[in-house]
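Novice: Give me a model of this one.
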Amino acid sequence: MDWTSSVHKTFRKVSNFSSKGFNRRERIALDDEYVISRKLYPNVDFYSDVIYQAIGLPVAMFQVMFAIPRTVGWLAQWQEMVTDPEQKITRPRQIFVGHPRRDLPTQKT
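Specialist: Just a heads-up that it's a prediction; the model follows:
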């Protein structure tokens, strides 16, 4: 089997899984009172995790996969802010002032 066959096989698996998963999950989410009352709509991560699950990615890696494409945008924004002397508007510096260090219970795996 060449690489194109494996790509098509994976794509068929994802498209079959996602058509079922997207519609059912989207309907459940959009019918939720919390979502309706706040006029929320699922973002791309809502749909991405169905695809990640379909291709067999471990759930523990989902957040990493969500962060990877965002990193490019974060770095591009930072580079623009640092290198462009005309750049007057920047995002404010954020300093976490939440809870101090605290002991958390360990999870059983």
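
Novice: Next up, the contacts around residue 48.
Specialist: With contacts defined as C-beta atoms under 8 Å, 6 or more residues apart in numbering, the neighbours of residue 48 are 62, 65, 66. All C-beta spots, glycine's among them, are computed from the backbone N, C-alpha and C.

Novice: got those as TSV, with pLDDT and distance to residue 84 columns?
Specialist: As requested, the contacts of residue 48 are arranged in TSV below (pLDDT from 0 to 100; distance: C-beta to C-beta, whole Å):
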residue	pLDDT	distance to residue 84
62	89	34
65	90	30
66	88	28
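
Novice: From these, which land in helices?
Specialist: Among the contacts of residue 48, the members found in helices (DSSP state H) are 62, 65, 66.

Novice: so how many other residues sit close to the residue nearest to the last one when sequence neighbours are not counted?
Specialist: With C-beta to C-beta, 6 or more residues apart in numbering as the measure, residue 45 is the residue that lies nearest to residue 66, at 5.3 Å, once sequence neighbours are left out. Counted with other C-beta atoms under 10 Å, residues neighbouring residue 45 total 13.

Novice: what's the answer for residue 47, then?
Specialist: Close neighbours of residue 47, defined as other C-beta under 10 Å, add up to 15.

Novice: Please identify the helix or strand for the closest residue to it other than its chain neighbours.
Specialist: Once flanking residues are discounted, residue 47 sits nearest to residue 22: 6.2 Å by C-beta to C-beta, 6+ apart. Assigned by DSSP states H and E, residue 22 falls within helix 3-30.
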